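# here you go, sequence then predicted model.
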Amino acid sequence: MDANKKILVVEDEKNIALVLAYNIKKEGYDCDVAYDGETGLNMALAGGYDLILLDIMLPKMTGFEVCEHIRYKSQVPIIFVTAREEEKDRILGLETGADDYVTKPFSFKELMARIRANIRRSSGEVAKSAAAAFAGTSITVGELVIDREHYSVTKNGEPIELSKKDYDFILFLAENVGVAYSREDLLERIWGYDDYYGDIRTVDVTVSRLRKKIENDPARPEYLLTKRGVGYFLCKR
């Protein structure tokens, strides 16, 4: 149990918001609710939350706008919970900095599994031990340099703007360069989900987004490659 962890629900449909808050509290978390984007953003920026559940279609500000503003100041885990299930919405949600995307209707058991996984990873039990082991070092893969100390990636000396999840993804593959991992493995290792609760489309969207940022030609990748029948890997070049 993640004692004393606090979750913010930003949802304009009051019945859904109250049901979410009630069940989240039953799981032992503290929970606040905001019914519009502007209020949700102000509450999120005030701090103190360990995770944010965010709808897209909100009064005053969209969930996309709220997420983007939060990401300027905070890396708190954000999960979109929305009725919008088109691929373009999922891509936009992840590109604005969300950690995950859940479509309505959803299983509350599944949602809680994702909440726990994101809070656990954000709390950094694994990340902190890895950071301690590798502090002050970097990994070079071709023209890419992954700097563990500053949590940054450059290509030919030019910084590449990445979300925290993008950085975690490329760092993991760089630490295991040349090794191909299935989508299910990546969901478990990067997102902390098992293959029952994870959505492999999240991995594919992340790979597509990263290729646009690190490849000279995303249609003909040289770094982030696919091994047919296995999964994704970072090429040593």
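Received, thanks. Numbering: from 1, shown residues only.

# stretch 68-82: which residues count as buried?
Neighbour counts using 16 or more other C-beta atoms under 10 Å place E68, H69, I70, R71, V76, P77, I78, I79, F80, V81, T82 of stretch 68-82 among the buried residues. In this view, the C-beta of every residue, glycine as well, is placed from N, C-alpha and C.

# which member of the residues you listed is positioned nearest L8?
Each of the buried residues of stretch 68-82 was checked against L8 using C-beta to C-beta; the closest is V76, at 8.6 Å.

# which ones are touching the closest one?
A44, Y49, D50, L51, I52, I70, S122 (C-beta atoms under 8 Å, 6 or more residues apart in numbering).

# just checking, which of those belong to helices?
The helices, defined by DSSP state H, take in A44, I70, S122 from the contacts of V76.

# now those residues in CSV, with pLDDT?
Output for the ones in helices among the contacts of V76, formatted as CSV (pLDDT from 0 to 100):
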residue, pLDDT
A44, 95
I70, 92
S122, 73
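
# let's have the residues you listed in TSV, adding distance to A98.
Shown next, in TSV, are the ones in helices among the contacts of V76 (distance: C-beta to C-beta, whole Å):
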residue	distance to A98
A44	13
I70	10
S122	13
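
# tell me the confidence at the spatially most central residue of the chain?
With distances taken as C-alpha atoms, centre = their mean, D99 lies nearest the centre of the chain, 2.0 Å away. Per-residue pLDDT puts D99 at 86.

# please name the nearest non-neighbouring residue to it.
Of all residues not flanking D99 in the chain, P77 sits nearest, at 4.8 Å (C-beta to C-beta, 6 or more residues apart in numbering).

# look up phi and psi at the one you found.
phi -60, psi 140 (degrees, to the nearest 10).

# ok, it touching R116?
No - the pair P77 / R116 is not scored as a contact, 10.8 Å apart, by C-beta atoms under 8 Å.

# which SSE is immediately downstream of the helix or strand of the chain at the bottom of the mean pLDDT ranking?
Ranking every helix and strand in the chain by mean pLDDT, DSSP states H and E puts helix 125-134 at the bottom, with a mean of 49. Proceeding N to C from helix 125-134, the next assigned helix or strand is strand 138-141, under DSSP states H and E.

# next one: that following strand to chain centre, how far?
Averaged C-alpha coordinates place strand 138-141 at 23 Å from its chain's average position (C-alpha atoms, centre = their mean, to the nearest Å).

# buried residues in it?
Those buried within strand 138-141 under the rule 16+ other C-beta under 10 Å are I139, V141.

# just checking: what are the partner strands of the helix or strand following it?
For strand 138-141, the following helix or strand on the C-terminal side (DSSP H and E) is strand 144-147. Applying DSSP bridges, strand 144-147 is found paired with strand 138-141 (antiparallel), strand 152-155 (antiparallel).

# tell me where the chain has strands.
Along the chain, counting by DSSP state E, strands occupy 6-10, 30-34, 51-54, 78-82, 100-103, 138-141, 144-147, 152-155, 158-160, 224-227, 231-234.
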